[in-house]
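Novice: Got a predicted structure plus its sequence, pasted below:
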Amino acid sequence: MDALYTASVRFATTLQSGPPWLEKFWVTVTSLADPKSIFTVFFPLAYFLDRSVGVSVLWTGLVAEWLNVVLKWFLFGERLFWWVHESGLASTEPIALRQFPVSCETGPGSPSGHCMITGAALWPLVTTLTALASTHCRSPAVKLAPFGTYVLLLLAVGLSRIFVLAHFPHQVVGGILAGAALGWRLQAHTPVARTPVFFMATALALLLGALALHRLVIAAGIDIDWSIHLATKWCTNPAWLRLDTRPFASVCRDAGSALGLGLAAGFPLRQGQRLDYRQRLAGAVLALAAMQGLHRLPQPANVTLWYVTSFLKYTAGPWLVASLLPRLVLLICPWSSFHIE
C-alpha cells in the first residue's frame, strides 16, 4: 500500500507543478463540487426544472452522503496531506507540496465524498436531460452531451481532489464508481409521493443509525476521531479546519434534509396548482438566493450548538424550496393560466 501512496504523492506533485492558472481552476472545481452544493444549488435548480427530478437529486444525495460517512468510518482511508508527513516521506524526499484552504478535510479519506456524492446526486438530473435531448434533437452529439459533461465533471472533480491533497487517486476512482452505481440504483427508488411520516422516519433512522454505528466503532476499541487528530496535527493553517468537514456534520445535513422533505410533503401545493416556465425560472432564482442566504447565517462556536443549527438549516432548505417559494412565486408572478384547474 505504501508504494501506491508514494506513487500518488508523486502524481499530486506533478499536478501541482502546472501553470498558476490551473491552480485556480482546480481549487475552484473542488470548491464548487463540495457536497453542500447538492443541497444548496443543484437541488433547487433541479426542483424547478421538474419536481420529481429535484426530489430525486436531494434524496440520492443525502443517501449517498450518509453511506459515504459509514464507508469512511470502516475503511479508515488516509488523506494525502497528512500521510506524506505521517509516513516520513516528506522528511526523506524533497517533495514540494502545498496545502490550500480546502485541503484540510477532517474525516477519513476513502472513498472520496466529493466524487461519490456528486456522482450519485447528479445521475437523475443527467438522465433527465439526456431524455429531453433525445426527444427534441436528432443529433447524437447533443444527445450525448449531458452524459459527456457528467463524465468530464467527475474527472475534473477527482483530479482537483488529488491536486489539493485531500485524496489519493484510488479513493477518487472508488468514489466515482460508487457514486455512479448509487445514482443508477437509487433513481428508480425515489420516494416522490411519500407521506411526511416516511421522511420523518427516514431522518430519525439516519440520525440514530449513525449514532449506533459510532458507538459500535468506539465499543470495538477504535478511536473514531483519529482522522480529526491527524488533520489538526498536519494542517498548515488551523483556520482551514472546518466543522462542516467532520463526518457528523454530514449526518446532520442528511437527516435534516430528509426531515425538510417531510415538512414539504406535509404542505404541498393545492391540487391543480402548477408553475409555467417563467414562474419556474423566477422560482429557481429565488430558491438559489434563499439557500445562499440561509447557509451564510452565522453559526455558534460551540460544537454541539453548531450541529443543531446546521441540522435546522438543512431542515429549512427543502421546505423553502418545495413548499414556501412555489407559493410565493404563484402569488407575486401570476402569469400562468394553469394556477388552479
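Specialist: The structure has been received and is ready for your questions. Nothing here was measured: the structure is a model prediction, and the numbers come from that model.
Novice: Can you name the residues in contact with the helix or strand Leu15 falls within?
Specialist: Using DSSP states H and E, Leu15 sits in helix 2-16. With C-beta atoms under 8 Å, 6 or more residues apart in numbering as the contact definition, helix 2-16 has outside contacts at 23, 26, 78, 80, 83-84, 87, 89, 95-98, 159, 162-163, 165, 168-170. (Each C-beta comes from the backbone N, C-alpha and C, glycine too.)
Novice: now those residues: which count as buried?
Specialist: 23, 26, 78, 80, 83-84, 89, 97, 159, 162-163, 165, 168-170 (16 or more other C-beta atoms under 10 Å).
Novice: Looking at Ala322 now. What's its pLDDT?
Specialist: At Ala322 the predicted local confidence, pLDDT, stands at 92.
Novice: So, low pLDDT: which residues of the stretch 101-250 of the chain?
Specialist: 193 (pLDDT under 70).
Novice: switch the cut-off to 80
Specialist: Within the stretch 101-250 of the chain, the segments meeting pLDDT under 80 span 136, 138, 192-194.
Novice: so which of the buried ones among the contacts of helix 2-16 comes closest to Gly293?
Specialist: Trp26 (28.2 Å; C-beta to C-beta).
Novice: Check which helices and strands the strand or helix carrying the closest one is in contact with.
Specialist: Following DSSP H and E, one finds Trp26 within helix 20-32. Contact analysis of helix 20-32 by 3 or more C-beta pairs under 8 Å, 6 or more residues apart in numbering; DSSP states H and E lists helix 140-163 as its packing neighbours.
Novice: Please identify the buried residues of the helix it packs on?
Specialist: Buried-residue list, helix 140-163, by 16+ other C-beta under 10 Å: 143, 145-146, 150, 153-154, 156-163.
Novice: Compute the inter-axis angle for the very next helix or strand once past that helix and helix 2-16.
Specialist: Downstream of helix 140-163, the first helix or strand assigned by DSSP H and E is helix 169-187. Interaxial angle of helix 169-187 relative to helix 2-16 (axes from the mean of the first three to the mean of the last three C-alpha atoms, to 10 degrees): 90 degrees.
Novice: what residues does helix 169-187 touch?
Specialist: Taking C-beta under 8 Å, 6+ apart as the rule, helix 169-187 contacts 4, 8, 11, 56, 59-60, 63-64, 67-68, 71, 77, 109-124, 127, 154, 158-159, 161-162, 167.
Novice: from the residues you listed, which would you call buried?
Specialist: 8, 11, 56, 59-60, 63-64, 67-68, 71, 77, 109-124, 127, 154, 158-159, 161-162, 167.
Novice: Of these, which belong to helices?
Specialist: Here DSSP state H is the test, and the buried ones among the contacts of helix 169-187 give 8, 11, 56, 59-60, 63-64, 67-68, 71, 113-124, 127, 154, 158-159, 161-162 as lying in helices.
Novice: Tell me the spacing between Pro146 and Ser56.
Specialist: 15 Å (C-beta to C-beta, to the nearest Å).
Novice: do the same with Pro191
Specialist: Distance from Pro191 to Ser56, by C-beta to C-beta: 9 Å.
Novice: What's the local residue count around Glu93?
Specialist: Residues lying near Glu93 (other C-beta atoms under 10 Å) number 12.
Novice: Show the pLDDT at it.
Specialist: For Glu93, pLDDT reads 78.
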